[in-house]
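J.: return a 3D structure for these sequence lines:
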Amino acid sequence: MISDTKQKAIEDFVNARLTGSDDVFLVEVKVIPGNNIKVFIDADNGVTIDKCIKINRALYNRIEESDLFPNNDFSLEVSSPGVDEPLKLHRQYKKNIGRTVEVTMNDETKKEGKLTGVNDEEIIIEEKTGQGKKAVIKTTNILFNQVKHTKVLVTF
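T.: This is a model prediction of the structure:
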């Protein structure tokens, strides 16, 4: 298992690399056994493959130079979180306003609707019940401390 010091160092390397980029931000760093480092970045306007490649190259060189891993025994992947990954940061909620989300509450109940707003304390979704002329749209405010996780739903 990676030490907290190494984890923090990698996060610092990523944040230093992203300094000056108002659009791209760090979501999470995971280190899987075997020193497989996974860095998840996101951007307000989406992450391109080119951006991931540039960050990967710069970060790989920085980790090599740091001697965090003896004999450079590590692998590195930089990507955006997959659609199956829950939202982790307030900034991710903001960028997904207007999209359909599934919110799993702390008590395991689920709410589905269009994310219409977010502030420091809560998210706001529009839940639709019924169909056609009988459809009813209800606005629901959900405090962050009531949310276990939120996923963006891909709709066609």
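
J.: low-confidence ranges, the protein, go.
T.: 1-3 (pLDDT under 70).

J.: if you set the cut-off to 50 instead, what comes out?
T.: 1 (pLDDT under 50).

J.: domain assignment for it?
T.: For the chain, the structural domains run 4-79, 90-152, going by automatic domain parsing.

J.: the strands in the protein, which residues?
T.: Assigned by DSSP state E, the strands in the chain fall at 24-32, 36-43, 75-79, 100-105, 110-118, 122-129, 136-143, 147-152.

J.: what does the fourth one rub up against?
T.: This means strand 100-105. 87, 110-115, 123, 125, 142, 146-153, 155 (CB atoms under 8 Å, 6 or more residues apart in numbering). Bear in mind the C-beta positions are built from the backbone N, C-alpha and C, glycine included.

J.: report the buried residues of it.
T.: With burial defined by 16 or more other CB atoms under 10 Å, the residues of strand 100-105 counted as buried are 100-101, 103.

J.: so how far is that strand from its chain's centroid?
T.: 15 Å (CA atoms, centre = their mean, to the nearest Å).

J.: and that strand, which strands flank it?
T.: Strand 100-105 has its sheet partners listed here by DSSP bridges as strand 110-118 (antiparallel), strand 147-152 (antiparallel).

J.: now render those as a markdown table, adding distance to Ser66 and mean neighbour count.
T.: Converted to a markdown table, these look like this (distance: least, CB to CB, whole Å; neighbours: other CB atoms under 10 Å):
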| stretch | distance to Ser66 | mean neighbour count |
| --- | --- | --- |
| strand 110-118 | 36 | 16 |
| strand 147-152 | 33 | 17 |
